[in-house]
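Enquirer: the sequence and its predicted three-dimensional model are supplied below.
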Amino acid sequence: YRPSYRAAVYEHALFQPTHFRTVSRSQALRDMKKNLDIYAEQTRIASSQNVDIIVFPEDGIYGLNFNRDTIKPYLEDIPDPTEITWNPCNQSEYTNGVEVQITLSCMARNNGIYIVANMGDKKVCDADSICPDDGQRQYNTDVVFDPQGNLVARYHKQHLYFEAQFDTPSTVERVTFDTPFGKFGIITCFDILFKSPAVDLVEDLGVKNVIFPTAWMDSLPLLSAIQFHSAFAKLFKVNLLAANLHFPLFNFHGSGIYSPRRTEAYYYNDGLFSPGKLLIADVKSSPTHYRRHQVVPDTHGFRGGNSLGASFVHGQDTAEVNTQSRRNGGHYNTASRNGIISHQLADQASGVHLNNDLGPLTHRSIRNRIHNHAHLHRVNRHMVENGWATIMADNDNYQYLPLTEPKAKVKICQNEVCCYLDYQKQNTSNDELYALGVFDGLHQIEGLSWYTQVCVLLKCEFTDIASCGQPTKIAAGHFEYLKLWGTFTTEYVFPEVLVSDDGKLRLEHEHWKYLHNRIEFVNRGKESPLLSATLYGRHYDRDNSTVSNSV
Ligand SMILES: NC(=O)CCCC[C@@H]1SC[C@@H]2NC(=O)N[C@@H]21
């Protein structure tokens with residue numbers, strides 16, 4: 001293998017069809033062409049800069065908000081590249097029904113570049129197999145074309161996230177493909193939170209480079225895109241090529257080329273009219289070897305524990321007294337509101353494009369801005385009216401300990417997990433509150449669940465402890481030193497550090513390190529204000545447990 005390669009990810013400002021009803025194949029092709037034309041332009045730019053591989057986001061070709069019927073005209077039958085050699089750009093026999101594959105294949109061939117894109121696959125069922133009523137299976141699918149235009153990989157997403165339009169594959173697919181610059185594995189969006197196939201690719205198949213098309217809504221305080229995706233690269237010591245949609249209206253943003261030691265390039269722009277972005281970086285084909293971390297607890301001289309903590313729920317607007325506390329004695333509860341998607345739409349308008357790089361204020365740009373604003377309003381109205389942005393409370397029963405001293409060693413425990421924090425703040429202010437939080441339980445949202453063990457130091461939204469865990473992007477606090485660790489009963493602990501730059505989320509890797517389940521700040525004083533430092537443990541083996549720590 002070549003020792004390094006040049007990667008690109010494109011955060012794509014989606015053209016979002018807003019028909020929300022079943023359309024003809026030719027209408028579907030017209031819709032998808034609007035996105036594919038942008039892909040072609042970005043691929044050309046990437047190729048002119050000698051990029052080897054470019055990754056586009058999940059749902060980036062056909063968009064969001066489909067049901068099982070309305071997605072049909074956007075689907076194609078994608079062959080299995082492990083069974084047949086298929087170069088759609090080279091052949092002239094079958095053109096009907098595979099137009100998207102032909103477009104991507106020719107894009108790859110004409111630019112001499114690997115292309116990874118996400119599209120929809122359909123498979124008519126065999127007569128003897130159990131099948132959905134409509135007689136076919138529909139899959140959320142990543143495809144990879146090599147620089148000659150050959151289809152070299154096809155991956156069907158395993159962990160669907162409120163995607164009624166698609167079926168879950170009956171067996172988990174572990175898909176890799178070889179290039180002159182290394183072996184790559186593929187996962188899609190929600191897959192990243194689960195063991196199979198994500199962890200299997202790294203641990204069993206030795207993958208060092210992970211392709212990751214995603215449509216990820218930020219979910220602060222623990223699961224914003226850049227925060228968790230950079231932590232995945234750090235924990236598993238892989239390069240992660242994460243291409244997200246750019247759809248700030250619904251909090252889809254945050255892409256990056258993440259390596260274990262640092263973030264090579266990332267983009268975070270939550271401005272409503274902000275543009276998409278092409279990120280390019282050179283990365284080592286084989287970053288440092290993956291070794292499992294050992295848990296090394298250090299528990300001397302820490303104050304706190306269960307009795308000192310206040311118990312809170314990530315999620316509601318108003319505080320209330322929890323008279324019937326679960327395991328940790330009676331404490332307050334609070335919760336904030338998080339938007340999540342539920343795909344069940346019907347509408348008639350044609351579509352809207354959200355790539356609005358408006359530049360300086362001129363008469364024309366002001367006119368554009370007003371025009372774009374009207375479009376966004378339309379999209380927003382259609383989506384909300386059709387139940388797309390349903391409100392969901394995040395009910396995890398976190399327990400928080402406020403940091404009231406400028407300097408202290410504190411601890412807080414819940415169930416099996418104790419979190420330890422040794423810190424000194426640089427500036428103590430009554431204007432903001434930081435707290436140490438703990439959670440050990442099954443995180444549940446609307447039928448989906450995953451078991452987490454979390455230690456988090458975060459800046460609370462307001463100065464009352466009831467606001468701790470509510471999403472905020474604003475912070476001013478600096479720490480002279482900070483060491484955070486926990487006693488986890490899983491070895492999979494993702495290290496996350498988020499800082500705030502004038503109300504924007506930022507990553508910084510120079511000022512901290514992660515070793516043995518421990519985040520430790522170094523080079524103190526130069527960092528931006530801290531929003532959160534998190535040890536996000538995943539207990540994959542307990543995902544199917546019935547034990548919940550939610551309220
Ligand atoms: N398209 C997908 O598969 C997205 C799934 C991941 C989204 C993560 S999971 C928990 C958070 N809630 C969100 O809305 N985004 C985050």
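Expert: Arrived safely. Numbers count the residues shown, from 1 in each chain.

Enquirer: can you report how many residues lie near the residue nearest to residue 532 when sequence neighbours are not counted?
Expert: With C-beta to C-beta, 6 or more residues apart in numbering as the measure, residue 458 is the residue that lies nearest to residue 532, at 4.1 Å, once sequence neighbours are left out. For glycine as for every other residue, the C-beta is placed from the backbone atoms N, C-alpha and C. Residue 458 has 26 neighbouring residues, counting by other C-beta atoms under 10 Å.

Enquirer: quick check: phi and psi on residue 458?
Expert: phi -140, psi 160 (degrees, to the nearest 10).

Enquirer: can you check the pLDDT for it?
Expert: The model reports residue 458 with a pLDDT of 98.

Enquirer: for the closest residue to the ligand within the stretch 1-150 of the chain, what are its contacts?
Expert: Per C-beta to the nearest ligand atom, residue 58 is where the stretch 1-150 of the chain lies closest to the ligand, at 5.8 Å. Shown in contact with residue 58 (C-beta atoms under 8 Å, 6 or more residues apart in numbering): 118, 140, 142, 157, 188, 189, 213, 214, 215, 245.

Enquirer: again, only this time at 6 Å
Expert: Applying C-beta atoms under 6 Å, 6 or more residues apart in numbering, one finds that residue 58 lies in contact with 118, 188, 189, 213, 214, 215.

Enquirer: looking at these, which is nearest the ligand?
Expert: Nearest to the ligand among the contacts of residue 58 is residue 189, at 3.1 Å by C-beta to the nearest ligand atom.

Enquirer: do I have it right that the closest one meets residue 214?
Expert: Yes - using C-beta atoms under 6 Å, residue 189 and residue 214 qualify as a contacting pair, with a distance of 4.2 Å.

Enquirer: which SSE is residue 455 in?
Expert: Following DSSP states H and E, one finds residue 455 within strand 448-459.

Enquirer: does that strand reach the ligand?
Expert: No - when contact is scored as C-beta under 6 Å from any ligand atom, no part of strand 448-459 falls within range of the ligand; the minimum is 8.1 Å.

Enquirer: residues in the stretch 201-350 of the chain within reach of the ligand, list them.
Expert: Those residues of the stretch 201-350 of the chain that sit near the ligand, judged by C-beta under 6 Å from any ligand atom, are 215, 216, 217, 219, 223, 340.

Enquirer: the fifth one pairs with what?
Expert: Same thing as residue 223. Beta-bridge partners for residue 223, by DSSP bridges, are residue 219.

Enquirer: would you mind measuring from it to residue 501?
Expert: As judged by C-beta to C-beta, to the nearest Å, residue 223 and residue 501 stand 20 Å apart.

Enquirer: which one of the two has more residues nearby?
Expert: Each of residue 223 and residue 501 has its neighbours counted (other C-beta under 10 Å); residue 223 has more, 20 against 14.

Enquirer: quick one: pLDDT of residue 368?
Expert: Residue-level confidence at residue 368 comes out at 42, pLDDT.

Enquirer: for the one 3 residues further on, same thing?
Expert: Residue 371 is assigned a pLDDT of 43 by the prediction.

Enquirer: how about residue 361?
Expert: What the model reports for residue 361 is a pLDDT of 34.

Enquirer: same deal with residue 382?
Expert: Reading off the confidence values, residue 382 has pLDDT 55.

Enquirer: for residue 203, same thing?
Expert: Residue 203 carries a pLDDT score of 97 in this model.

Enquirer: ok, it - contacts?
Expert: Residue 203 neighbours (C-beta under 6 Å, 6+ apart): none.

Enquirer: what backbone torsions are found at it?
Expert: phi -80, psi -40.

Enquirer: who does whatever helix or strand comes next after the strand holding residue 455 pair up with?
Expert: Towards the C-terminus, the helix or strand next in line after strand 448-459, according to DSSP H and E, is strand 479-486. Paired neighbours of strand 479-486 in the sheet (DSSP bridges): strand 417-425 (antiparallel), strand 518-521 (antiparallel).

Enquirer: partners of the helix or strand that comes right after the last one in the sheet?
Expert: Scanning the chain past strand 518-521 towards its C-terminal end, the next helix or strand to appear is strand 530-538 (assignment: DSSP H and E). Using DSSP bridges, the neighbouring strands of strand 530-538 in the sheet come out as strand 448-459 (antiparallel), strand 493-501 (antiparallel).

Enquirer: got the contact list for the last one?
Expert: Read that as strand 493-501. Contacts of strand 493-501 with the rest of the structure, by C-beta under 6 Å, 6+ apart, involve 227, 231, 234-235, 473-475, 505-506, 508, 512, 514, 517, 519, 528-537.

Enquirer: and for stretch 62-76?
Expert: Defining contact as C-beta under 6 Å, 6+ apart, one finds that stretch 62-76 is touched by 14, 16-17, 22-23, 25, 28, 32, 97-98, 100-101, 120, 122, 164-165, 343-345, 388.

Enquirer: ok, the nearest residue to residue 416 once chain neighbours are set aside to the ligand distance?
Expert: Closest residue to residue 416 in three dimensions, ignoring its sequence neighbours and counting by C-beta to C-beta, 6+ apart: residue 489, at 5.1 Å. Here the distance between residue 489 and the ligand works out to 22 Å (C-beta to the nearest ligand atom, to the nearest Å).

Enquirer: what about residue 489, how many neighbours?
Expert: The number of residues packed around residue 489, counting by other C-beta under 10 Å, is 14.

Enquirer: same question, residue 83
Expert: 7.

Enquirer: try residue 127
Expert: For residue 127, the neighbour count with other C-beta under 10 Å is 7.

Enquirer: repeat that for residue 277.
Expert: Other residues near residue 277 come to 21 when the count uses other C-beta under 10 Å.

Enquirer: wait, what's in contact with it?
Expert: Residues in contact with residue 277, defined by C-beta under 6 Å, 6+ apart, are 11, 267.

Enquirer: what's the pLDDT at it?
Expert: In the prediction, the pLDDT value recorded for residue 277 is 98.

Enquirer: report the separation between it and residue 213.
Expert: The spacing between residue 277 and residue 213, counted by C-beta to C-beta, is 15 Å.

Enquirer: and for residue 473?
Expert: Taken as C-beta to C-beta, the spacing of residue 473 relative to residue 213 amounts to 25 Å.
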